[in-house]
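> Got a sequence here, can you build the structure:
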Amino acid sequence: MKIDWAALGSVFGVSLAFTVGLVALFTLGINGLARREKAAAQGDSAALAVTGAYVCFAACAAAVAYGIYLIVAKA
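Residues are numbered from 1 along each chain as shown. From the prediction side, this is the model:
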């Protein structure tokens, strides 16, 4: 059995990059919700922060759904 180390390293690198990106996107969503709480405490509106948070969460859900689709489609 011969292991293709270059392909294995490539898969590791891509999965690491996407994982870090997904965590960063989720963190932006949490930050947007925190800004909503801060704005509510001050009596201001934070519609843009909430919209951005929901967009981040929707993008995270879409990325996870696409990953599940890729796993199921290849099986």
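
> which stretches of the chain form helices?
Assigned by DSSP state H, the helices in the chain fall at 5-42, 47-74.

> Just want the most central residue of this protein.
The C-alpha lying nearest the average C-alpha coordinate of the chain belongs to residue 22 (Cα atoms, centre = their mean; 2.7 Å).

> quick revisit: will you turn the helices of the chain into a markdown table that also has mean pLDDT?
Converted to a markdown table, the helices of the chain look like this (pLDDT from 0 to 100):
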| stretch | mean pLDDT |
| --- | --- |
| helix 5-42 | 93 |
| helix 47-74 | 93 |
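
> returning to what we had before: wait, the residue nearest to the centre of the chain touches residue 60, no?
Yes. Assessed by Cβ atoms under 8 Å, residue 22 is found in contact with residue 60 at 6.1 Å. All C-beta atoms are positioned from the backbone trio N, CA, C, and that covers glycine.

> just to revisit the earlier point, could I get the contacting residues of the residue nearest to the centre of the chain?
Residues in contact with residue 22 (Cβ atoms under 8 Å, 6 or more residues apart in numbering) are 60, 63-64.

> Count the residues that sit near the residue nearest to residue 35 when sequence neighbours are not counted.
With Cβ to Cβ, 6 or more residues apart in numbering as the criterion, residue 35 has its nearest non-adjacent residue at 4.0 Å, and that residue is residue 49. The criterion is other Cβ atoms under 10 Å. On that basis, residue 49 has 18 neighbouring residues.

> Contacts only, for the closest residue to residue 53 other than its chain neighbours.
Take residue 53 and drop its neighbours on the chain: the residue closest to it by Cβ to Cβ, 6+ apart is residue 32, 3.0 Å away. Residues in contact with residue 32, defined by Cβ under 8 Å, 6+ apart, are 49-50, 52-54, 56.
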